[in-house]
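**Q** Here is a sequence together with a model predicted from it:
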Amino acid sequence: MIKAFLFDLDGVLTDTSEFHFLAWKRLADGSGLPFTRQDNEALRGISRRESLDLLLKGQPLTNDNARQMMDRKNDYYLELVRGMTPTDLLPGAREILEELGRLGFMRVIVSASKNAQLVVDRLQISDLIDGLIDGTAPVRSKPAPDLFSLAANRLGLNPTDCLVVEDAAAGVEAAHSAGMLAVGLGPIERVGLADLVLPDLSHTSAEEILKKLTKKFSIS
């Protein structure tokens, strides 16, 4: 029985992907590294260090230099995030969080980002969630299942009690590895391995999502 919805943040409830692209692009340009929007797609849903490794394309880097580059990228990103407002919630996001609250479901944001709390504060949705697990947790990032497993553990729930909503292939993989069903938001090419694929959260509801999954998997 589903008791909790675990939401990724970027690309699901809000869209800071452009901020991430601009920040990585600024870092890449300043370092003389090629970086395109296609390159940026490969960074979706993974940790900052893993993203940097992909940006470097195998170039060696000391830990100190890597930390300095990640800090610069984060500073560029935060400049953009601090300008966010509640209007930056994606269509349908507030409505589904409010609906889940009325229906008695737990709502937890599970994000690999270390800036998730700042984004939540800027969006003013703290009163619409029941918990936040982010990249500051001392566990492996997605596609490892650790963040989702930690969320279930903190809620005192079994993995099968949790439904993940993700927009990244790494997040869908992490959900399945944690023993959870996953709703994928976005194109089939990216989230086609999810148990249910939707374009986004607009024009849907929690009840409709559960109805579709119940029909497919006989869950409640």
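**A** Yep, that arrived. Numbers count the residues shown, from 1 in each chain.

**Q** And what about the residue nearest to Pro91 when sequence neighbours are not counted, helix, strand or coil?
**A** The spatial neighbour of Pro91 that comes closest, neighbours along the chain excluded (CB to CB, 6 or more residues apart in numbering), is Ser202 at 3.9 Å. Backbone N, C-alpha and C define where each C-beta goes, glycine included. Assigned by DSSP: H, G, I helix; E, B strand; the rest coil, the conformation of Ser202 is coil.

**Q** if I look at Ser202, how far off is Ala175?
**A** When CB to CB, to the nearest Å is applied, the distance between Ser202 and Ala175 equals 22 Å.

**Q** Same question for Leu89.
**A** For Leu89 relative to Ala175 (CB to CB), the value is 22 Å.

**Q** Where does the record place the domain boundaries for this protein?
**A** For the chain, whose domains are defined here by automatic domain parsing, the residue ranges read 4-15+88-217, 17-81.

**Q** about what we covered before: distance of the residue nearest to Pro91 relative to Phe148?
**A** The span separating Ser202 from Phe148 equals 24 Å under the rule CB to CB.

**Q** Have a look at these two and say which one is more surrounded.
**A** The residue with more neighbours, out of Ser202 and Phe148, is Phe148; 29 against 12, by other CB atoms under 10 Å.

**Q** tell me which element that one falls in.
**A** If you go by DSSP states H and E, Phe148 is part of helix 146-155.

**Q** Quick check: what element follows that helix along the chain?
**A** Assignment by DSSP H and E places the next element after helix 146-155 at strand 162-166.

**Q** Show me what that following strand is packed against.
**A** When contacts are defined as 3 or more CB pairs under 8 Å, 6 or more residues apart in numbering; DSSP states H and E, strand 162-166 sits against strand 4-7, helix 146-155, helix 169-177, strand 181-185, helix 206-217.

**Q** Let me know the secondary structure of Val197.
**A** strand.

**Q** From Pro199, how far out is the closest residue to Leu185 other than its chain neighbours?
**A** Closest residue in space to Leu185, ignoring its immediate chain neighbours: Asp167 at 4.5 Å, by CB to CB, 6+ apart. Spatial separation of Asp167 from Pro199 under the definition CB to CB is 10 Å.

**Q** same question, Arg44
**A** Taking CB to CB as the measure, Arg44 and Pro199 are separated by 16 Å.

**Q** one step back: the residue nearest to Leu185: how many residues sit nearby?
**A** In terms of burial, Asp167 registers 27 neighbours under the definition other CB under 10 Å.

**Q** and it, what are its phi and psi?
**A** Reported as degrees, to the nearest 10, the phi and psi values for Asp167 are phi -120, psi 0.
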